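Chemist: no sequence for this one, just the structure:
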């Protein structure tokens, strides 16, 4: 009697618009999702690498005067006002990074202010130059502090470190605040025409005068109204709240300024401050100005609490949270964050360093720093957690936001976004391998990284699929082969494929291969100029080796109930779909692996790729 031919099974993923879900077992991940990803983008329903990072080769400018000892015999171009027409200084920024802030001038030009070792630097985004504004010792703050705070109110920027008298930049000059202006403080926000700021004790906060209160914009810096407590004095948060960590304001289209109430965050609570614009009416209010809005996890850092339309996103102890969603769950028994899909990253963050986290919304993505590491010259972050708001959008359908995993490659100090009427730009302030402070631009569509020493460089990225059980969860199968479908192939792209049988603690090598698509000219020797990205409709993975053997359960590694695939790619392409093939197999009797399968070689967990994919594994 002839034996039945083994049944062939096929499983895979056709689209990936659901993004990443690492908060559940790989077998529970939806069909349009992946288990995890590094440096990946999931737009248009497919997977590609993240947009490129471009390093800025900026020029430094240290203003010097005629009597400065830096002037040498060949530097005689000093003007009548005592300032040099050229700039001389170090080749790169260095020192303790404290904070940064995007600044928009009245004429629409964009800049980035940075507080580094107590000195204020101004980076011109258009001219790609950085200038030292602390031209005298009186304009320098302590250099050994790790934190600082900035806020722009009208054309002024107030710079605080919690110890020194505030520095004020008006777009041209830097000075100290006067006696009738804003006092020493910490966290700040510009809300409804006033600067709100926390006092050095960390629990009290107050507001400055309203803008144009005396007919000028500079009145926003004054504190002449702050006389009596019931007429607008200091506020305070409870001593058990952990102190003020952030201030933010949600959008409100029904208000004249488009702003809602001031939200004052602490690690444990969130307070709402409904202060009228007219300070004279504060003492006559029948409702409380300050009320508790949220009794659960609050924000840990001021730079990672950002307004997104009518909501405020922020980093809490248990993950990334949305203020609106947390308020909506106020009556529920549980109140959870919105970052469960990247739990494997969030739960490994060092929470006592999250005060240094930062976030922006750029190109319809939330980019928030994570994986902090202590550094005596400023806390660095090894990765960006990415939430995509615009995976697939059209008039007929709009997919919900989805996590894209993490983006790595830089030792991030802070991420900032500059914007004006003509568009926006995103910059990463990072620590270089030589401890210098670097500026990198996050692009919207570049397919490669670009750094100063190497030029264009391929991006390393990785995708871990869900666990495929071939719709037969309880049937033993033998992994046979796989197919990968890609397009938008540019340049040299290398692929490394590994697989994970069932709940095995690591990854087993499957295959390596490379593809090449010429899209650029070489030395201008060829007259053809219309090279296009290429595609590969089906690239077959060979049958895995029979040699690896899991002797714990006495079976070859490719005998499995479900299989997960990890694709590690260097270069640019777009993954359209992936499928794997297997055959059913008769379950062997329990016994020694090498006896049941003589050709097997027992696996050593120490010899295989680790399951935990750290942020240090992928660098530009």
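Modeler: Here it is on my side, so go on. Keep in mind that this is a model prediction, so the values were computed, not measured. Residues are numbered from 1 along each chain as shown.

Chemist: Quick one: name whatever helix or strand follows the lengthiest strand in the chain.
Modeler: The longest strand of the chain (DSSP state E) is strand 477-501. Using DSSP states H and E, the helix or strand that follows strand 477-501 in sequence is strand 506-517.

Chemist: quick check: angle from that next one to strand 477-501?
Modeler: 90 degrees (axes from the mean of the first three to the mean of the last three Cα atoms, to 10 degrees).

Chemist: Against which helices or strands is strand 506-517 packed?
Modeler: strand 477-501, strand 534-541, strand 563-584, strand 609-610 (3 or more Cβ pairs under 8 Å, 6 or more residues apart in numbering; DSSP states H and E). Glycine gets a C-beta too; all of them are placed from N, C-alpha and C.

Chemist: Quickly run through the sheet partners of the longest strand of the chain, with directions.
Modeler: Next to strand 477-501 in the sheet, as set by DSSP bridges, lie strand 506-517 (antiparallel), strand 534-541 (antiparallel), strand 559-560 (antiparallel), strand 563-584 (antiparallel).

Chemist: residues of that strand that come out buried?
Modeler: Neighbour-count burial for strand 477-501 flags 477-486, 488-491, 493, 495-501 (criterion: 16 or more other Cβ atoms under 10 Å).

Chemist: What average pLDDT does the longest helix anywhere in the chain get?
Modeler: For the chain, the longest helix by residue count, based on DSSP state H, is helix 323-328. Average pLDDT, helix 323-328: 78.

Chemist: Also stretch 53-67?
Modeler: Here the average pLDDT along stretch 53-67 is 72.

Chemist: got any ranges where the stretch 1-150 of the chain has weak pLDDT?
Modeler: Residues of the stretch 1-150 of the chain meeting the criterion pLDDT under 70: 1-5, 62-91.

Chemist: Identify the residues contacting the residue nearest to residue 583 when sequence neighbours are not counted.
Modeler: Spatial nearest neighbour of residue 583, chain neighbours left out: residue 6 (4.2 Å); criterion: Cβ to Cβ, 6 or more residues apart in numbering. By Cβ atoms under 8 Å, 6 or more residues apart in numbering, the contact set of residue 6 is 478, 583-585.

Chemist: which pair in these spans the largest distance?
Modeler: 478 and 584 (7.6 Å; Cβ to Cβ).

Chemist: Tell me where the stretch 201-350 of the chain has strands.
Modeler: Assigned by DSSP state E, counting those that start in this stretch, the stretch 201-350 of the chain shows strands spanning 204-207, 235-236, 246-248, 262-265, 270-273, 290-294, 306-308, 311-316, 319-322.

Chemist: Could you check the longest helix of the chain and say which residues are buried?
Modeler: 323, 326-327.

Chemist: helices and strands around that helix, which ones?
Modeler: strand 290-294, strand 311-316.

Chemist: Run through who's touching that helix.
Modeler: 250, 263, 270, 293-294, 296-297, 310-314, 335, 338.

Chemist: repeat for stretch 486-497
Modeler: Outside stretch 486-497, the residues that reach it (Cβ under 8 Å, 6+ apart) are 48, 447-448, 458, 482, 484, 510-520, 533-536, 539, 541, 565-576.

Chemist: Where does pLDDT dip in the stretch 451-600 of the chain?
Modeler: Scanning the stretch 451-600 of the chain for pLDDT under 70 picks out 519-530, 587-600.

Chemist: circling back to that earlier point, for residue 107, which of the strands of the stretch 201-350 of the chain is the nearest?
Modeler: strand 306-308 (24.8 Å).

Chemist: for the record, mean pLDDT for the closest one?
Modeler: So the average pLDDT for strand 306-308 ends up being 89.

Chemist: who does it pair up with?
Modeler: Note on strand 306-308: by DSSP bridges, its sheet partners are strand 311-316 (antiparallel).

Chemist: Check the offset of the strand it pairs with from the chain's centre.
Modeler: Offset of strand 311-316 from its chain centre (Cα atoms, centre = their mean, to the nearest Å): 13 Å.

Chemist: List just the nearest of the contacts of helix 323-328 to residue 165.
Modeler: Checking those one by one against residue 165 (Cβ to Cβ), the nearest turns out to be residue 263, at 27.4 Å.

Chemist: And the pLDDT at the closest residue to that closest one other than its chain neighbours?
Modeler: Among residues not flanking residue 263 along the chain, residue 248 sits closest, at 5.1 Å (Cβ to Cβ, 6+ apart). Reported pLDDT at residue 248 in the predicted model: 90.

Chemist: Residue 248 and residue 265 touch, don't they?
Modeler: Yes - the pair residue 248 and residue 265 qualifies as a contact (Cβ atoms under 8 Å) at a distance of 7.1 Å.

Chemist: shared neighbours of these two, anything?
Modeler: 299, 305, 314.

Chemist: what's the neighbour count on residue 399?
Modeler: Look at residue 399: counted by other Cβ atoms under 10 Å, it has 18 neighbours.

Chemist: Next one: residue 11 from residue 567, what distance?
Modeler: Distance of residue 11 to residue 567, computed by Cβ to Cβ, to the nearest Å: 16 Å.

Chemist: and if you look at residue 515?
Modeler: With Cβ to Cβ as the criterion, residue 515 and residue 567 are 13 Å apart.

Chemist: Compare these two (neighbour count), which wins?
Modeler: Comparing residue 515 with residue 567 by other Cβ under 10 Å, the one with more neighbours is residue 567, at 22 against 16.

Chemist: Look up the residues forming beta bridges with the more buried one.
Modeler: Per DSSP bridges, the residues bridged to residue 567 are residue 463, residue 497.
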